[in-house]
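1. sequence first, then the predicted structure:
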Amino acid sequence: MSYRVLVVDDEPLARERLKRLLDEHTDFSCIAEAGDGQAAVDWLAQFHADLVLLDIQMPGLDGLQAAAQISQQNNPPVLVFCTAYDEHALSAFDVNAADYLLKPIRKEDLTRALTRAAERLSRQQAAVAARTHISARTAHGLVLTPIDEVAYFSADQKYVSMHHEAGETLIDDSLKQLEEEFSQRFLRIHRSYLVAAHRIYRLETTEDGVVLWLRDLDTPLPVSRRHVSGVKKYLRGV
């Protein structure tokens, strides 16, 4: 397992030293670097890192401010702060940092921080693998919906909706991510639909094409030509 690391520091020499120290850890790999907090936030909005080694004292958006924004992104990375000033320690842990390193960073301190980061990443991955609920940010805060209550997921351009017993909710997951994670429980029937397999009960051919009926759903869902054989195979096995 190799974890992806983003190194953030406004001093090029500091970044180079961190990268050299990281080279001694085969399970961590520096895949990008940034010279300030805003650059780090912008990079993470487009790409993924498992761990961010983040300086605090930087011009513009400092490390703590950047961390607050990063923590709001989807699937945020683990954070480890690196700074010459220890008065920021408590603030660093307020944003749930895995560790706090004082410059000049010693090899043994970095090793400790990477060990803590790896443990946290391992726990996060285990939690995702065992998800029993789908989380969604709503006007009323974070809402958790049990997987068992989801009838289907639908995609409309970049938006994905979860259709469940209490209604319909926009979520951050993509259909591809959901299909991979819940391959034993949900079946793809269309590029825009992923349905709960245990709710499937009838496939019907109409003048407009093939549709699928789900239990407790008043309206059928379209099945694309590409996925008809997969649905039939599932129904034969029920």
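-> Cool, the structure landed. The model shown is predicted, which means the values in this text are computed figures rather than measured ones.

2. make it CA atoms for all contacts and neighbour counts henceforth
-> Fine.

3. buried sites along the longest helix seen in the chain?
-> In the chain, with assignment by DSSP state H, the single longest helix is helix 107-129. For helix 107-129, a neighbour-count test (16 or more other CA atoms under 10 Å) marks Leu110, Ala113, Leu114, Arg116, Ala117, Ala118, Leu121 as buried.

4. any idea how far Ala32 is from the third one?
-> When you say that, I think you mean Leu114. Distance of Leu114 to Ala32, given as CA to CA, to the nearest Å: 17 Å.

5. what's the answer for Thr132, then?
-> From Thr132 to Ala32 the distance is 34 Å (CA to CA).

6. looking at it, Arg137 is touching Leu144, isn't it?
-> No - with contacts counted by CA atoms under 8 Å, Arg137 stays clear of Leu144, the gap being 9.1 Å.

7. next SSE after the helix-or-strand element of the chain with minimal mean pLDDT?
-> Here the helix or strand of the chain ranked lowest by mean pLDDT, DSSP states H and E is helix 89-94, holding a mean of 57. The C-terminal neighbour of helix 89-94 among helices and strands, as given by DSSP states H and E, is strand 99-102.

8. now that next one: mean pLDDT?
-> Strand 99-102 shows a mean pLDDT of 89.

9. and stretch 72-85, by the same measure?
-> 87.

10. pull the residues that contact that stretch.
-> Under the contact criterion CA atoms under 8 Å, 6 or more residues apart in numbering, stretch 72-85 has outside partners 45, 48-57, 63, 67, 70-71, 92, 96-105, 113, 117, 120-121, 172.

11. please indicate which of those residues are buried?
-> Using 16+ other CA under 10 Å, the buried ones in the contacts of stretch 72-85 are 48-57, 63, 67, 70-71, 92, 97-102, 105, 113, 117, 121.

12. tell me the secondary structure for the residue nearest the centre of the chain?
-> Geometric centre of the chain, nearest residue: Asn75, 3.0 Å, by CA atoms, centre = their mean. Here Asn75 is coil, with the state taken from DSSP: H, G, I helix; E, B strand; the rest coil.

13. could you check how far it is from Tyr159?
-> Counting by CA to CA, the gap from Asn75 to Tyr159 is 17 Å.

14. quick one: low-confidence ranges for this protein?
-> Scanning the chain for pLDDT under 70 picks out the ranges 1, 86-95, 126-130, 237-238.

15. how close does the residue of it most remote from its centre sit to Arg191?
-> Here the chain reaches farthest from its C-alpha mean at Glu207, the gap being 40.7 Å by CA atoms, centre = their mean. According to CA to CA, Glu207 stands 20 Å off from Arg191.

16. also Glu180?
-> Taking CA to CA, one finds Glu180 at 14 Å from Arg191.

17. out of these two, which sits in the more crowded spot?
-> Arg191 (14 against 10; other CA atoms under 10 Å).

18. give the contact list for the more buried one.
-> Arg191 touches Ser224, counting by CA under 8 Å, 6+ apart.

19. got a list of what the closest residue to Ala197 other than its chain neighbours touches?
-> Closest residue in space to Ala197, ignoring its immediate chain neighbours: Phe186 at 5.1 Å, by CA to CA, 6 or more residues apart in numbering. Listed by CA under 8 Å, 6+ apart, the contact partners of Phe186 are Tyr152, Glu179, Leu194, Val195, Ala196, Ala197.
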